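1. Here's my sequence, what's the structure:
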Amino acid sequence: MSDTSRARSSSSALAPSSSSDARPQAPKNNPFAPADPGLNRRRAIKDKISTVVVSICFILAMIPLVSLLWITVARGGARLLRDFPYFVAVSMKGVSGGMDAGGIYHAIIGTLIITALATLISAPIGLFTAVYVTEYGGNNKLARAIMFFVDVMTGVPSIVAGLFALSAFALLVKPGYQAGIVGAVALSVLMIPTVVRGCQEMLLLVPQELREAALALGVPKWRVILKVVLRTAAGGITTSIMLAIARIIGETAPLLFTAGLVNWINFDPFKGQMTTLPVYAYRQYSQGLVPCKGGGTCIADINYQRAWAAALALIILVMALNIIARAIATAVAPKGRN
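-> Numbering: from 1, shown residues only. This next block holds a predicted model:
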């Protein structure tokens, strides 16, 4: 055989015989290859089932919220929107029976004052407690004892908090003393555990590297906490405080015998009773239908209309406070560099 024929035979032996032989073949002992050919198909089916189940659970969880908002808007929107801004600008002073008059101005003022006082009492206490437990206490006995009592306070019924505040002011001032400050103290007892837990979780989310970097530069620890940790967690801390406010702004039981109920406006939380929106709604709804004798401007279900309108106003108030708090948190939070 000549050299030319040998070269042709060797080149033909080295060349691929077909396109199928050119594709790389996976080794038979590949550890990543599925042992069962239908495994990927079963995984896809399980993934679709999980997606459907999670979607159904989300829809079921949203049904009560959507129903609550729908019913409140449907029943309270007519009175609130039809008489706006009259309904939110007058009190119930001089209103009786089925008169087509009266409003919730005094209840809005009482709600804002009592909630603001409760926040001023509980927010610093809760935040400082969370800072101590997270930044100083660690896992010592005092920190564990604090968190144990915080967990216990979380389950305290609201009526017990009201009795505590009433008893405390009965000893400090006089028996039967009812004022906005008494209601604020009762609400702060309910608010503190929520603030502590929420702020603690937000502080734990701050990366430890930020603390170590600031301390390595010689910055005092208190300044690291103030300028680095708290500013980084400002958004989460604000959210925690807003959750606590939403927890207590709708309370009725502890305010019935601490702040009381009046039909006129009271701006002084230390003197005289004050009315809040939840107490106002409870009072109006509990009065039921008005016996109208016919004629005039008597409205039989005026009390129900006022109650639902007050409930809708309370929801709008919480949403407005939440938006304002988020805007403040965004303003004070550290800005990232582009």
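2. So what touches stretch 186-195?
-> 114-115, 117-119, 121-123, 125-127, 129-130, 150-151, 153-154, 156, 158, 161-162, 164-166, 240-241, 243-245, 247-248, 251, 254-255, 258 (Cβ atoms under 8 Å, 6 or more residues apart in numbering). Backbone N, C-alpha and C define where each C-beta goes, glycine included.
3. now that stretch: mean pLDDT?
-> The average pLDDT for stretch 186-195 rounds to 94.
4. Please export the C-alpha coordinates of that stretch as PDB.
-> Extracted C-alpha coordinates of stretch 186-195, given in PDB (Å, rounded to 0.1, in the frame of the first residue of the first chain):
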ATOM      1  CA  ALA A 186     -53.300  51.800  79.800                       C
ATOM      2  CA  LEU A 187     -52.600  51.700  76.100                       C
ATOM      3  CA  SER A 188     -48.800  52.100  76.600                       C
ATOM      4  CA  VAL A 189     -48.800  48.900  78.700                       C
ATOM      5  CA  LEU A 190     -50.200  47.100  75.700                       C
ATOM      6  CA  MET A 191     -47.900  48.900  73.300                       C
ATOM      7  CA  ILE A 192     -44.500  48.400  75.000                       C
ATOM      8  CA  PRO A 193     -44.100  44.600  74.300                       C
ATOM      9  CA  THR A 194     -44.900  45.100  70.600                       C
ATOM     10  CA  VAL A 195     -42.400  47.900  70.300                       C
END
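5. The closest residue to I299 other than its chain neighbours: what's it in contact with?
-> For I299, ignoring the flanking residues on the chain, the nearest one in space by Cβ to Cβ, 6 or more residues apart in numbering is G98 at 4.8 Å. Taking Cβ under 8 Å, 6+ apart, we find G98 in contact with 290, 292, 297-300, 302.
6. Now, the residues you listed that are in helices?
-> Counted as lying in helices by DSSP state H, out of these, are I302.
7. Which members of the contacts of G98 are classed as buried?
-> 290, 299, 302 (16 or more other Cβ atoms under 10 Å).
8. ok, these vs V228, which is closest?
-> I302 (55.8 Å; Cβ to Cβ).
9. Could you list which residues are in contact with the closest residue to K93 other than its chain neighbours?
-> Nearest residue to K93, sequence neighbours excluded (Cβ to Cβ, 6+ apart): W264, at 4.4 Å. Each residue near W264 by Cβ under 8 Å, 6+ apart is listed here: 91-93, 106.
10. One more pass at 7 Å, please.
-> 91, 93, 106 (Cβ atoms under 7 Å, 6 or more residues apart in numbering).
11. Buried subset of the residues you listed, written for PyMOL?
-> Buried residues among those (16+ other Cβ under 10 Å), as a PyMOL selection:
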select buried, resi 91+106
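12. would you list the contacts of W264 in a markdown table and tack on pLDDT and distance to R79?
-> A markdown table is the format used below for these (pLDDT from 0 to 100; distance: Cβ to Cβ, whole Å):
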| residue | pLDDT | distance to R79 |
| --- | --- | --- |
| S91 | 90 | 16 |
| K93 | 89 | 18 |
| H106 | 94 | 17 |
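13. tell me which helix or strand of this structure sits lowest on mean pLDDT?
-> helix 19-22 (a mean of 47; mean pLDDT, DSSP states H and E).
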